[in-house]
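[1] No letters, just coordinates:
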Ligand code: TRH
């Protein structure tokens, strides 16, 4: 059977923020662009979608964006034929009429749950296993991951080559930053800051301000701005605001398109990221990073954090690994990180090398979209 004729439906409920739509939109585009598939992306919240893709018309029930058929998944479900492959992102519940449409097909579709990303060992054992059944239709678990035996990570075919070219091209970098109104001093280190509210921020900014190296901190508008404003001792922060405190320049950026955000990550010497998708993109940037993990009930996110750290720091000397562990754990616990930052800075060349090495190592695995297509091929 030719993949070209295969129809895929991806369902996304936006739980909060931008990760759910961020991941599914990236996947949908890649399935179309690199695998020639017909993809419908069903999204319940087009306003969240519009933030990462401003071309989205929020009032349309149906529209085409970059070859993907975007459908508004409204509360009132209009009957539609089920696709050959159905992906429920992050365990979202499909409309019951659609489930019946799946069961009534002459040949049942491949039905998968695209799960959250985790570096924990159990993921390898669970990836690809059958889950529940609805009438004749079997659902399967599909787990992204960092280890062989998982579904891998989303990575466009030419991503690392584009990244390499951009990072070697000083003019392209300057031009991109200029487009955002960013004109860093020649000797300044550039840091991007995308995070949830974090009580540990002030201690980091204290240390950056007192440092002998100038820092230009770029903060896309979002949840951390309140903490930044408090530290700066200003009432509000708006896009474009620029505040200088000793060696630290803090600039608020607009929330940019998803592909532009990659460029921002590629420009920076260090990226603070959060959630799932920005976390992966910062790894592909090949630069040291700091992850603000999404908080889950009963602190289960801490197991995820440690599982990732164990993999990510395995190539580091013990002192550098310890510094990274301390920095990441403190940040995700909302504790002061100033001292941890200084400890990590002592190992900078090693952390830079490890970031690039990790990226190249991860790129040896099949990317997630290819792994999904392969899973389907093996299944038919
Ligand atoms: O926004 P997030 O915190 O999203 C999620 C959701 O909360 C989700 O429910 C949760 O389960 C998950 O985290 C773990 O973080 P994330 O995943 O990094 O998504 C942000 C998206 O926004 C990502 O696709 C990058 C994009 N983005 C832009 O397009 N432009 C920007 O300027 C920035 C800062 C981000």
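    Received, thanks. All figures in this text were calculated on a predicted structure; none of them were measured in a lab. Residues are numbered from 1 along each chain as shown.

[2] excluding its backbone neighbours, what's nearest residue 289?
    residue 282 (4.2 Å; Cβ to Cβ, 6 or more residues apart in numbering). All C-beta atoms are positioned from the backbone trio N, CA, C, and that covers glycine.

[3] Relative to the whole chain's centre, how far out is the helix or strand hosting that neighbour?
    Assessed by DSSP states H and E, residue 282 sits inside helix 277-284. Mean-position distance between helix 277-284 and its chain equals 5 Å (Cα atoms, centre = their mean, to the nearest Å).

[4] Report the contact partners of the closest residue to residue 206 other than its chain neighbours.
    Using Cβ to Cβ, 6+ apart and skipping the chain neighbours, the partner closest in space to residue 206 is residue 338 (5.7 Å). Residue 338 makes contacts with 203-204, 206-207, as judged by Cβ atoms under 8 Å, 6 or more residues apart in numbering.

[5] distance of residue 338 from the ligand?
    24 Å (Cβ to the nearest ligand atom, to the nearest Å).

[6] Give me the nearest residue to the residue in the stretch 201-350 of the chain positioned nearest to the ligand, chain neighbours excluded.
    Nearest to the ligand, among the residues of the stretch 201-350 of the chain, is residue 275, at 2.2 Å (Cβ to the nearest ligand atom). Among residues not flanking residue 275 along the chain, residue 19 sits closest, at 4.1 Å (Cβ to Cβ, 6+ apart).

[7] Please look at the one you found and residue 281 and confirm they touch.
    No - under the criterion of Cβ atoms under 8 Å, residue 19 is not in contact with residue 281, lying 11.2 Å apart.

[8] neighbour count winner among those two?
    Each of residue 19 and residue 281 has its neighbours counted (other Cβ atoms under 10 Å); residue 281 has more, 26 against 21.

[9] Now do the same contact list for that one.
    Residue 281 touches 261-262, 265, 273, counting by Cβ under 8 Å, 6+ apart.

[10] switch to 10 Å and redo it
    22, 26, 153-155, 159, 163, 194, 258, 261-262, 264-266, 271, 273, 289 (Cβ atoms under 10 Å, 6 or more residues apart in numbering).

[11] out of those, who's near the ligand?
    22, 194, 258, 261 (Cβ under 6 Å from any ligand atom).

[12] Which residue ranges of the stretch 201-350 of the chain form helices?
    201-210, 225-232, 258-267, 277-284, 300-312, 318-332, 338-345, 348-362 (DSSP state H, counting those that start in this stretch).

[13] mind checking the SS state of residue 112?
    Of the three states, residue 112 takes strand under DSSP: H, G, I helix; E, B strand; the rest coil.

[14] Now do it against the ligand, distance only.
    Residue 112 is 18 Å from the ligand, by Cβ to the nearest ligand atom.

[15] hmm, back to that, from what I can see the residue nearest to residue 289 touches residue 276, true?
    No - assessed by Cβ atoms under 10 Å, residue 282 is found out of contact with residue 276, at 11.2 Å.

[16] Could you say which helix or strand holds residue 57?
    Using DSSP H and E, no helix or strand contains residue 57.

[17] ok so, going back, most neighbours, which of the contacts of residue 338?
    Most neighbours among those, by other Cβ under 10 Å: residue 204, with 27 neighbours.

[18] Surely residue 86 is in contact with residue 98?
    Yes - the pair residue 86 / residue 98 is scored as a contact, 8.0 Å apart, by Cβ under 10 Å.

[19] Walk me through the domains of this structure.
    The record's domain parsing of the chain by automatic domain parsing lists 3-154+366-379, 159-362.

[20] on that earlier part again, out of the contacts of residue 338, which are close to the ligand?
    Of these, not one also sits near the ligand (Cβ under 6 Å from any ligand atom).

[21] Return the residues of this structure in contact with the ligand.
    Counting by Cβ under 6 Å from any ligand atom, the chain sits next to the ligand at 15-20, 22, 52, 194, 220, 255-258, 261, 274-279, 294.

[22] Mind checking which of those are in strands?
    220, 274 (DSSP state E).

[23] Which among the residues of the chain next to the ligand count as buried?
    Neighbour-count burial (16 or more other Cβ atoms under 10 Å) applied to the residues of the chain next to the ligand gives 17-20, 22, 52, 194, 220, 256, 258, 261, 274-279, 294.

[24] Quick check: neighbours shared by residue 86 and residue 98?
    9, 11, 42.

[25] Distance-wise, check the last one relative to residue 237.
    Relative to residue 237, residue 42 is positioned 35 Å away (Cβ to Cβ, to the nearest Å).

[26] out of the two, which sits in the more crowded spot?
    Set side by side, residue 42 and residue 237 show more neighbours around residue 42, with 26 against 18, by other Cβ under 10 Å.

[27] Assign that one to helix, strand or coil.
    When classified by three-state DSSP, residue 42 comes out as strand.

[28] can you pull the contacts of it?
    9-13, 24, 69-74, 77, 80, 86-89, 92, 94-95, 98 are the contacts of residue 42 under Cβ under 10 Å, 6+ apart.

[29] Which pLDDT value does the model give the nearest residue to residue 363 once chain neighbours are set aside?
    Of all residues not flanking residue 363 in the chain, residue 160 sits nearest, at 5.8 Å (Cβ to Cβ, 6+ apart). Per-residue confidence (pLDDT) for residue 160: 98.

[30] which other helices and strands contact the helix or strand that residue 160 is a member of?
    Here residue 160 sits within helix 159-168, counting by DSSP H and E. The contact analysis (3 or more Cβ pairs under 10 Å, 6 or more residues apart in numbering; DSSP states H and E) places helix 159-168 against helix 170-179, helix 258-267, helix 277-284, helix 348-362.
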